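A.B. asks: One predicted model, sequence on top.
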Amino acid sequence: MLWPGVETIRVQANGINFEVMAAGAGNRLALCLHGFPQHSFSWRHHVPVLLKLGYRVWAPNLRGYGNTDSPDEVDAYRLDTLVRDVAELIKASGASEVLLLGHDWGAMLAWTLAAREPSLLTRLVIMNVPHPACFWRELRRPKQMLKSWYVLFFQIPKLPEFLLRTGEGRAFQYMFRRSSRAPARFPDEVIEVYRQHALRPGGLTAMVNWYRALGRHGLFRQMADVGKSLITVPTLFIWGDADIALSIETTRGTEAFVQDLTFRVLRGVSHWVQEEEPEVVNKMLEAWLTGARVPEFEELKA
């Protein structure tokens, strides 16, 4: 893998074996949660700045991804189980201070854990997934409902896996490059990492089962429930406003659910913020984590 400076470790948590990319040492943990259809590799640009700031970094492949255990049954991917995975990874780390970073599905888990078990976290960074209560509000409106069509498609048995596997996984190249505003950030060797891990035996089914479980186990009710608890963990929320799957309207009203919120919009940047604009994201991270003012995107691109 094109990721020097990290080692692969195995961590037992919540009854399964996790593959974790690890770097650094100490009691201050930065736990990085990836999304679909990615892999811990999506955090490669951010490990150096986190290490510089004194964090030990863990970037696990979440349940069903990479060489982490991939149970066959849909019920193994219920939201409660996935959030418990994160909580148990934190406990297994032995860290006394935890910075939780999440993108896409990883951000959904991060929001939910911060609402349910804030004592486990010191700081929270969210990238391109709205607070669950805001998402639930917009999902009942036509604009976001249409953008979320793929969630319904993934409920179909076997067909999504078949189409994603067609042409030895050509869909992964399409998914990243066609939805990105900076396709050059996804050269062949990067897409190959995601493609290989998705096409491993059982990989595609495990990844899609995250969506199947959400359709079967009342996730939307749980999204609304998350909004009943004010998130007290200091939160940096970074949003690429050229996201083709999530409208910026889903970010509106987030301040009602987060006590200490810093929100920055990356204009013209797609859903894949941490891979498309890693330098900008790193500068925002460093400023926020050191107590400095977090610059606006336009300032950093001037």
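C.D. replies: All right, it came through fine.

A.B. asks: Show me which helix runs longest in this structure.
C.D. replies: Ranked by residue count and defined by DSSP state H, the top helix of the chain is helix 159-179.

A.B. asks: packing partners for it?
C.D. replies: helix 188-198, helix 203-216 (3 or more Cβ pairs under 8 Å, 6 or more residues apart in numbering; DSSP states H and E). (C-beta placed from N, C-alpha, C; glycine too.)

A.B. asks: For the last one, what is the distance to the chain centroid?
C.D. replies: It stands for helix 203-216. 15 Å (Cα atoms, centre = their mean, to the nearest Å).

A.B. asks: Now do the buried residues in it.
C.D. replies: 203, 204, 205, 206, 207, 208, 209, 210, 211, 212, 213, 214 (16 or more other Cβ atoms under 10 Å).

A.B. asks: my guess is the fifth one contacts residue 200, does it?
C.D. replies: Spelled out, that is residue 207. No - contact between residue 207 and residue 200 fails when scored by Cβ atoms under 8 Å: they sit 10.4 Å apart.

A.B. asks: just so I have it, where are all the strands in this protein?
C.D. replies: 7-13, 16-23, 28-33, 56-60, 97-103, 123-127, 235-240, 261-266 (DSSP state E).

A.B. asks: could I get those as a markdown table with mean pLDDT, distance to residue 71 and mean neighbour count?
C.D. replies: Shown next, in a markdown table, are those (pLDDT from 0 to 100; distance: least, Cβ to Cβ, whole Å; neighbours: other Cβ atoms under 10 Å):
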| stretch | mean pLDDT | distance to residue 71 | mean neighbour count |
| --- | --- | --- | --- |
| strand 7-13 | 97 | 14 | 13 |
| strand 16-23 | 97 | 7 | 20 |
| strand 28-33 | 98 | 18 | 25 |
| strand 56-60 | 98 | 16 | 25 |
| strand 97-103 | 98 | 21 | 24 |
| strand 123-127 | 98 | 27 | 25 |
| strand 235-240 | 98 | 31 | 24 |
| strand 261-266 | 98 | 35 | 18 |
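
A.B. asks: Could you dump those into CSV with distance to residue 80 added?
C.D. replies: Formatted as CSV, the strands of the chain follow (distance: least, Cβ to Cβ, whole Å):
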stretch, distance to residue 80
strand 7-13, 15
strand 16-23, 15
strand 28-33, 16
strand 56-60, 18
strand 97-103, 17
strand 123-127, 19
strand 235-240, 22
strand 261-266, 25
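
A.B. asks: Select, out of the ones you listed, the one closest to residue 161.
C.D. replies: Nearest to residue 161, of all the strands of the chain, is strand 16-23, at 21.1 Å by Cβ to Cβ.

A.B. asks: what angle sits between that closest one and helix 188-198?
C.D. replies: 160 degrees (axes from the mean of the first three to the mean of the last three Cα atoms, to 10 degrees).

A.B. asks: If you count contacts, what does strand 16-23 end up packed against?
C.D. replies: strand 7-13, strand 56-60, helix 79-93.

A.B. asks: Same list (those) but as JSON lines, adding distance to residue 171.
C.D. replies: Formatted as JSON lines, the helices and strands packed on strand 16-23 follow (distance: least, Cβ to Cβ, whole Å):
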{"stretch": "strand 7-13", "distance to residue 171": "27"}
{"stretch": "strand 56-60", "distance to residue 171": "24"}
{"stretch": "helix 79-93", "distance to residue 171": "24"}
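
A.B. asks: Which parts of the longest helix of the chain count as buried, going by neighbours?
C.D. replies: Quick answer for helix 159-179 (16+ other Cβ under 10 Å): 160, 161, 164, 169, 171, 172, 173, 175, 176, 179.
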